[in-house]
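# Below: sequence and its predicted model.
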Amino acid sequence: MGVALITPFKEDESIDFNALARLIEYLIQNGTDYLVVLGTTAETPTLTEEEKEEIKQFVVERTHGRIPLVLGMGGNNTRYVTQHLQHDNLDGFEAVLSVVPYYNKPSQEGIYQHYKAIATASPLPVILYNVPGRTGVNMAADTTLRLARDCNNIIAVKEASGNITQMDDIIKNKPAEFKVISGDDGVTFPLITLGAEGVISVVGNAFPKEFSRMVRLALNGDFSHALAIHHRFTELFSLLFVDGNPAGVKCLLNAMGFIENKLRLPLVPTRHVTYEKIHRVLQELHFMS
């Protein structure tokens, strides 16, 4: 279970590095296998280049090699991404996670050529990230499989297409060493039963011990106990995304006393009705701190 790390903000919208340090320790101590830094959940589009660099260095220093780190490095300008891969300091990171180009809606050939350029430029292994609900274009199974076969340092895909048939197609036809990772907490359990190898999780920010236990049980074939944990989280999965990500998980972490419930525009906190429902579910789960 990897966790897509949030970026805590203070009331003045500056980065709350003290809260980030507490969250990192909590995640390391409670079963998280690796951290994904500067992904979608980190509100990366609202961060300046200087802030991104500060967060990178802070997380590397705070983790101090105790847990593997993956760095979000994607975009819809291939040249920009490849130049940063070639020139940025990537010390402390094991791999990069790179999203399908958004907004300009490339063809499947364009997606393939984009990732091929990234694979050529990257000194680190590359994890593809397919999330058509955000990017406006789906990376087809054939494109994922073509990249997996053609580029040795493309090692995995984070699949958040919501299309179980597509995901199963990738799992069935992929090279043996290529990994399929769930990009959606709610389908992690069924996807592991099909052959996926884990998750990059949002809910893991709040419940790393419980959610990583579910993942490990499922990976070990103990589906009945894994399913019981999955069902405990079912309502929370939908609540965390009803008002957008990371508004839901920030609301949850605020209710648990970890962070201020602050996002940067254009994102805003959850509606009051969602906040109340999350509080209720939290109390029912007996995880309120």
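Good, I have the coordinates.
# Please report the distance of the closest residue to residue 58 other than its chain neighbours from residue 240.
Nearest-residue entry for residue 58: residue 17, 6.0 Å, with adjacent residues in sequence omitted and distances by CB to CB, 6 or more residues apart in numbering. Where you see a C-beta, it was placed from the backbone N, CA and C, and this is true even at glycine. Applying CB to CB, to the nearest Å, the value for residue 17 to residue 240 is 24 Å.
# Compare the two and say which one has the larger neighbour count.
Between residue 17 and residue 240, residue 240 has the larger neighbour count (other CB atoms under 10 Å), namely 28 against 15.
# so residue 211 sits in a strand?
No: read with DSSP: H, G, I helix; E, B strand; the rest coil, residue 211 is helix and lies in no strand.
# how much space between the closest residue to it other than its chain neighbours and residue 81?
The shortest distance from residue 211 to any residue other than its chain neighbours is 4.9 Å, reached at residue 204 (CB to CB, 6+ apart). With distances taken as CB to CB, residue 204 is found 26 Å from residue 81.
# and those two? which has more neighbours close in?
Per other CB under 10 Å, whichever of residue 204 and residue 81 has more neighbours is residue 204, with 29 against 23.
# residues touching the more buried one, list them.
The contact partners of residue 204, taken as CB atoms under 8 Å, 6 or more residues apart in numbering, are 1-4, 27, 32, 185, 211-212.
# and it, that one's in a helix?
Yes: following the definition three-state DSSP, residue 204 is counted among the residues of a helix.
# And the contacts of residue 204, which two are furthest apart?
Distance extremes for the contacts of residue 204: the farthest pair is 27 and 185 at 15.1 Å, using CB to CB.
# Quick one: the strands in the stretch 151-289 of the chain, in order.
Using DSSP state E, counting those that start in this stretch, the strands found in the stretch 151-289 of the chain span residues 154-159, 179-182, 200-201.
# Quick check: which helices or strands does the second one pack against?
With contacts taken as 3 or more CB pairs under 8 Å, 6 or more residues apart in numbering; DSSP states H and E, strand 179-182 sits against strand 154-159, helix 164-173, helix 188-194.
# Single out the most deeply packed of the ones you listed.
strand 154-159 (a mean of 24; mean count of other CB atoms under 10 Å).
# Which residues does that one contact?
With contact meaning CB under 8 Å, 6+ apart, strand 154-159 is reached by 95, 97, 115, 119, 125-131, 144, 147-148, 166-167, 170, 177-183, 191, 196-197, 200.
# same thing but at 7 Å, please
The list of residues contacting strand 154-159 from outside it, by CB atoms under 7 Å, 6 or more residues apart in numbering, reads 95, 97, 115, 119, 125-130, 144, 147-148, 167, 170, 178-183, 200.
# where does stretch 236-246 sit relative to the chain's centre, distance-wise?
In this view, stretch 236-246 has its centroid 14 Å away from the chain centroid, taken as CA atoms, centre = their mean, to the nearest Å.
# Using neighbour counts, pick out the buried residues of it.
236-237, 239-241, 243, 245-246 (16 or more other CB atoms under 10 Å).
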